[in-house]
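Chemist: dropping a prediction and its sequence here:
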2 protein chains.
Amino acid sequence: MAAERMVVVGGDAAGMTAASQARRLKGRHELEIVAFERGHFASYSACGIPYWVGGDVSDRDDLIARTPREHAERDIDLRMRTEVRELDVPGQRVLARDLETGRETWTGYDKLVLATGASPLRPPLPGIDAPGVHGVQSLDDGQALIDTLAGSKGRHAVVIGAGYIGVEMAEALLRHGFEVTVLHRDEQPMSTLDPDMGRLVNEAMTGMGITVLGGAAVTEIRTGEDGRVRAVATRDSEYPADVVVLGIGVRPRTELAEAAGLPLGESGGLLTDLSMRVRGHEDIWAGGDCVEVLDLVSGRTRHIALGTHANKHGQVIGANTGGGYATFPGVVGTAVSKVCDVEIARTGLREKEARAVGLRFVTVTAESTSRAGYYPGAQTMTVKMTAERGTGRLLGVQIVGGEGAGKRVDVAAVALTAGMTVERMTVLDLGYAPPFSPVWDPVLVAARKAVRKVREAN
Amino acid sequence: MAAERMVVVGGDAAGMTAASQARRLKGRHELEIVAFERGHFASYSACGIPYWVGGDVSDRDDLIARTPREHAERDIDLRMRTEVRELDVPGQRVLARDLETGRETWTGYDKLVLATGASPLRPPLPGIDAPGVHGVQSLDDGQALIDTLAGSKGRHAVVIGAGYIGVEMAEALLRHGFEVTVLHRDEQPMSTLDPDMGRLVNEAMTGMGITVLGGAAVTEIRTGEDGRVRAVATRDSEYPADVVVLGIGVRPRTELAEAAGLPLGESGGLLTDLSMRVRGHEDIWAGGDCVEVLDLVSGRTRHIALGTHANKHGQVIGANTGGGYATFPGVVGTAVSKVCDVEIARTGLREKEARAVGLRFVTVTAESTSRAGYYPGAQTMTVKMTAERGTGRLLGVQIVGGEGAGKRVDVAAVALTAGMTVERMTVLDLGYAPPFSPVWDPVLVAARKAVRKVREAN
């Protein structure tokens, strides 16, 4: 029997995890694996780029989990700088172009894995392509930004966007000694949080010396005589800028899939079944930043670009294409980040999201500390909790606070997954000792408040 | 209508939380609350004593959550230095003795709350009562130990017992500059862990310069000419000791309850229903270190002396005695501690415990890091996971590692509560960003290994 061929489009987290997992299950005589990556790097941690730029991570190669050579040693034929230009779904083949030589060739597949990732949003503003304006999506982007920062004589940096990438880049630029201005469109930064929690992030960032300006729609990026960026303009104002970082967000990179007629969701991401197989296609899988995932709390599909999901998708795809069995049941919307020493976390639904799917709910906010109040290093934190009216089922948690705050969201993530009520949460058996927690863990303090509010609302 | 009277026996976490919660629900005209405490302190954090002795907490009063005066201001009649000597269950009254005056009086109750705590085990060894031998159960004990440490000319300390208190006290004594020897009976320290995980604690403690000796049954505490402790003897050896700390464990303090014919479990703790009412008694509640709790994983009752449970019991008792409604469904056996910078955590069943209740299981051990491996300060940790054969249901997790290791046990605690399988755990949506976690959280790494082992075992 001739070996089956699996073709992987996209050589980062989802694609190469799928390839590696499939290889673990099937040897090269059973399964040939060919992967195409259009960039210069594969299998790297994009989430680590802000910390590399900020100097926490000194060596770019630390962000690379596995080199092309290491993949080759496992009989995975990873072709770098090779871009897939077309999917021929009925013909079961892909057209790939070698970006160095320009040569294009068709490769047939028995199984296809789409892991094309996401594209950074890059609004068509005047000056957006000027030198000194940087995205931070790829390792190449990161290196270009680091070079700009090293060569910059001025010390003004503007970050456009105040989501995870925006706030992380604000920290990185601050560490380089820049005066940092963050411009964003919403009322508060971190629009993945409710505005009342975003306000806490705003206050913390302001306290760090970062200028955070909401409701600021950028109209133009202005350049100097040398053609380099010199300022960012909004309708009302102009902000001097020696470097501009774009952190506006990303969208699924699914042009190929769309052209091939594969099913896309409302956010433009590929739609898959629970085994990560593209809906309606027996021999095509998709995972990572190019798909939509089922949000288990809202019951809708969403686009969430996050390395941890991409790895899990890859694992599931690799198991299934390798002859095993695994499923990805969906997400609850957990995310965690930090700006300097302020940790930011969320899981479940924001108020707006809950309302949009017809849920009625109560919210509470509780202040607490990361350790027993009397124990050195106890940090304050604010926990916001949302629970369904009537049932008291947990719908979401948001946390902003000092060291030890962020990962507490995991307790809520598991409780959400299990469909737990806030009442059941109040008596969860969480780890307690003075260096680790107050006698009531902050999440439980919020749960107790939520129980009272649910009862009052009934 | 005359006010009902609630009598609380024991003025620490469970008792005073019950009193405070009941008071929140019912004013003094509806409910009179009288609480008896035989010691000099009420409402304090016994769990904080090792950190006070070690110097992390400088002021004893920091450990006191609420003073008798603060209770009085809430119309809770807390009578200090008053010991309840007898329960007259049919007569609905308790006999209390004022330890200052010796006067004894009967007090009638409509509702009785037993929160008598636990007694430290104090084996009847020769010399056990010699000056320089200390328990660390109460604030008085802590102060006496601090005085001994301050006055000690010699620098040899021996800790008897290597459970939570034992290892925490080893750290405290180390911080005072003592040469610390820990003597314990088992193969490894921390017998609440499996021996293979206890060995990691042993290695870490040894690395800190602590001498840890297992299989060491103490036969005698030897005193010098001044009558003070000078050494601890085992069958084979003698260890010089200027101070000895007892950390052997505790047992429920239920002599009163036993004399009154209330139902006790195998560990000697009071048996309650889900509302924390003593079984078979409509008007008596019990909580904290004097009760046994239902272990949701093994299905058996256990005795676990832990402040966080005591607070939760108090909350439940207060709700129910105050006319509200709450239950304590049970525990999963979570505990967390540390020795210097090594964190130790467990939840669910040890291998021995699982076997004892007829479970068959697989175990795996996984090494991982607290943050992305490339992020500064990433600490290594070892996660051991136990899962049921066949079903793959999670049965337990144990963790030993650096900063960020301990509280990860909470994820497993919630998963256990929800009866999750290790397979479902592999795709849990936990918070990920490089400063907080590798792309696969250490608990998920262990879950992935456990899935494979469960399948192999089937």
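Modeler: Received it, and whenever you're ready, just let me know what you need.
Chemist: going forward, measure contacts and count neighbours with C-alpha atoms only.
Modeler: Noted.
Chemist: distance from the chain centre to the helix or strand where A:Glu220 lies, please.
Modeler: When secondary structure is defined by DSSP states H and E, A:Glu220 falls within strand A:218-223. Counting by C-alpha atoms, centre = their mean, to the nearest Å, strand A:218-223 is centred 27 Å from the centre of its parent chain.
Chemist: same check on stretch A:264-278?
Modeler: Chain-centre distance of stretch A:264-278: 17 Å, with C-alpha atoms, centre = their mean.
Chemist: around chain B, which positions in the stretch 251-400 of chain A sit nearby?
Modeler: A:307-309, A:311-312, A:328-329, A:331-337, A:345, A:374-376 (C-alpha under 8 Å from any C-alpha of the partner chain).
Chemist: identify the residues contacting A:Phe178.
Modeler: Listed by C-alpha atoms under 8 Å, 6 or more residues apart in numbering or on different chains, the contact set of A:Phe178 reads A:155-157.
Chemist: my bad, should have said A:Ala241
Modeler: By C-alpha under 8 Å, 6+ apart, the contact list for A:Ala241 reads A:155-158, A:229-232.
Chemist: give me phi/psi at it?
Modeler: Dihedral pair for A:Ala241: phi -150, psi 120, per degrees, to the nearest 10.
Chemist: look up how far chain B lies from it.
Modeler: The gap separating A:Ala241 from chain B is 28 Å, by C-alpha to the nearest C-alpha, to the nearest Å.
Chemist: with A:Ile33 instead?
Modeler: To chain B, A:Ile33 is 23 Å away according to C-alpha to the nearest C-alpha.
Chemist: neighbours around that residue, how many?
Modeler: For A:Ile33, the count of nearby residues is 25 (other C-alpha atoms under 10 Å in any protein chain shown).
Chemist: next one: A:Gly224
Modeler: A:Gly224: 10 neighbours (other C-alpha under 10 Å).
Chemist: was I right to think it contacts A:Pro240?
Modeler: No. Taking contacts as C-alpha atoms under 8 Å, A:Gly224 lies outside contact range of A:Pro240: 10.9 Å.
Chemist: A:Ser298 and A:Lys352 touch, don't they?
Modeler: No. Using C-alpha under 8 Å as the test, A:Ser298 is too far from A:Lys352 to be in contact (11.4 Å).
Chemist: more neighbours, those two?
Modeler: Ranked by neighbour count (other C-alpha under 10 Å), A:Ser298 and A:Lys352 place A:Ser298 first, with 20 against 11.
Chemist: quick one: classify that one as helix, strand or coil.
Modeler: coil (DSSP: H, G, I helix; E, B strand; the rest coil).
Chemist: neighbours around the residue nearest to it when sequence neighbours are not counted, how many?
Modeler: Take A:Ser298 and drop its neighbours on the chain: the residue closest to it by C-alpha to C-alpha, 6 or more residues apart in numbering or on different chains is A:Val357, 6.3 Å away. A:Val357: 13 surrounding residues under other C-alpha under 10 Å.
Chemist: give me phi/psi at A:Val357?
Modeler: Torsion angles at A:Val357 (phi, psi; degrees, to the nearest 10) stand at phi -110, psi 10.
Chemist: what about the helices in the stretch 151-300 of chain A?
Modeler: With helices called from DSSP state H, counting those that start in this stretch, the stretch 151-300 of chain A shows them at A:164-175, A:195-207, A:255-259.
Chemist: which one of those helices is the most hemmed in?
Modeler: Of all the helices of the stretch 151-300 of chain A, helix A:164-175 has the most neighbours on average by mean count of other C-alpha atoms under 10 Å in any protein chain shown, namely a mean of 25.
Chemist: helices and strands around that one, which ones?
Modeler: Secondary-structure packing of helix A:164-175 (3 or more C-alpha pairs under 8 Å, 6 or more residues apart in numbering or on different chains; DSSP states H and E): helix A:49-54, strand A:156-160, strand A:179-183, strand A:243-246, strand A:335-339.
Chemist: same list, the ones you listed, but as JSON lines with mean pLDDT and mean neighbour count please.
Modeler: Shown next, in JSON lines, are the helices and strands packed on helix A:164-175 (pLDDT from 0 to 100; neighbours: other C-alpha atoms under 10 Å in any protein chain shown):
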{"stretch": "helix A:49-54", "mean pLDDT": "96", "mean neighbour count": "24"}
{"stretch": "strand A:156-160", "mean pLDDT": "98", "mean neighbour count": "26"}
{"stretch": "strand A:179-183", "mean pLDDT": "98", "mean neighbour count": "23"}
{"stretch": "strand A:243-246", "mean pLDDT": "97", "mean neighbour count": "25"}
{"stretch": "strand A:335-339", "mean pLDDT": "97", "mean neighbour count": "24"}
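Chemist: now do the contacts for the spatially most central residue of chain A.
Modeler: Centroid-nearest residue in chain A: A:Leu306, 3.0 Å away (criterion: C-alpha atoms, centre = their mean). Residues in contact with A:Leu306, defined by C-alpha under 8 Å, 6+ apart, are A:47, A:288-289.
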